[in-house]
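Student: any chance you can model this:
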Amino acid sequence: MSTFTAIDFETATGHPYSACAVGIVTVEDGVITEEYYTLIQPPENEYWYRNIQVHGIQPNDTLKEPTFYELYPEIRNRLLGKKLVAHNEVFDRNVLSKTMGFYGLDYNELNLAERWECTCRIYRKKGYKPANLKYCSERNGIELTHHEALSDARACAKLYLLVHNQIKLF
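Tutor: Just a heads-up that it's a prediction; the model follows:
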């Protein structure tokens, strides 16, 4: 349980294939060993206003950034065959699979579990109300810049470690 990869995506529109940022945190034997963050130019660099309101990423920020297709070799190396954890795993898993599909990439080649570990689901079962990332992080003293993909992935990793008694935050 102490070796896994936490991931978080931000999207530019309501379409799951519109990834505009990703944060990936690698944990080995209970220790964060690597962090990766990149902006991603979404298809046609299209953004919806309500998405910009959530994460603050705008078309000018990604205009000269690589597409997911161009970034895929790096992302693939970080995810291939790993145990993945996300705070809302259904959302992040869907973004990854739909974005890969949009670019004609085979999601199955990543050799990932059908369902990932989900810290939202875990903390909900522990009785947290609400069980959103912001509240879970605040309640456990985990620093968070919410809707910044790397910060969200890092908080998710720490929440997962905490629930499995791998770290003490206080």
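Student: what about Thr5, distance to Gln53?
Tutor: 29 Å (C-beta to C-beta, to the nearest Å). Yep, even glycine has a C-beta here, placed from its N, CA and C like the rest.
Student: I misspoke; the intended subject was Leu144.
Tutor: 18 Å.
Student: okay, these two: which has more neighbours?
Tutor: Leu144 (18 against 9; other C-beta atoms under 10 Å).
Student: need the three-state assignment for that one.
Tutor: Under the three-state scheme (DSSP: H, G, I helix; E, B strand; the rest coil), Leu144 adopts coil.
Student: so what's the nearest residue to Glu138 once chain neighbours are set aside up against?
Tutor: Closest residue to Glu138 apart from its sequence neighbours, by C-beta to C-beta, 6 or more residues apart in numbering: Leu144 at 7.6 Å. Residues in contact with Leu144, defined by C-beta atoms under 8 Å, 6 or more residues apart in numbering, are Leu133, Lys134, Ser137, Glu138, Ser151, Asp152, Ala155.
Student: how close does Val90 sit to Trp116?
Tutor: Val90 is 9 Å from Trp116, by C-beta to C-beta.
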